[in-house]
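In: Sequence unavailable; structure follows:
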């Protein structure tokens, strides 16, 4: 299976700086961000992928039983580690 690809494109008016499309298996990052910020967003999205969040999308919400907070924290921890190492 081919892994996710990365693409720089508009985020459709969303407040997000990027997102991972679980169906298209691609990461979209806002191209208007600075190069450093784009790297941070890409690292965050990689965190979602490596943590297996794409297979848990039904839990990605903030309502009862939702795991969005945990998932965002995990993705941000991966991003911090990757960005800090470079």
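Out: Structure's in. What do you need? Predicted model only: the values in this text are computed from it and were never measured.

In: Okay, strands next: where are they in this protein?
Out: For the chain, the strands defined by DSSP state E occupy 5-8, 18-21, 26-29.

In: Give me the neighbour count for residue 43.
Out: For residue 43, the neighbour count with other C-beta atoms under 10 Å is 20. No exception for glycine: its C-beta is placed from N, CA and C like everyone else's.

In: Same check on residue 76?
Out: 15.

In: Just give the closest residue to it, not the sequence neighbours.
Out: residue 44 (6.1 Å; C-beta to C-beta, 6 or more residues apart in numbering).

In: how close does that neighbour get to residue 19?
Out: Separation of residue 44 from residue 19 (C-beta to C-beta, to the nearest Å): 10 Å.

In: Which of the two has more residues huddled nearby?
Out: Applying other C-beta under 10 Å to residue 44 and residue 19 shows that residue 44 carries more neighbours, namely 24 against 18.

In: That one is in contact with residue 16, isn't it?
Out: No - here residue 44 does not reach residue 16: they are 10.0 Å apart, not a contact under C-beta atoms under 8 Å.

In: Give the residues shared as contacts by these two.
Out: Residues touching both residue 44 and residue 16 (C-beta atoms under 8 Å, 6 or more residues apart in numbering): none.

In: all helices for this protein, in order.
Out: Remark: helices assigned in the chain by DSSP state H are 35-50, 68-85.

In: so how far is the shortest one from its chain's centroid?
Out: Right, helix 35-50. Chain-centre distance of helix 35-50: 6 Å, with C-alpha atoms, centre = their mean, to the nearest Å.

In: Equivalent analysis for the last one, please.
Out: On the basis of C-alpha atoms, centre = their mean, the separation between the geometric centre of helix 68-85 and that of its chain is 9 Å.
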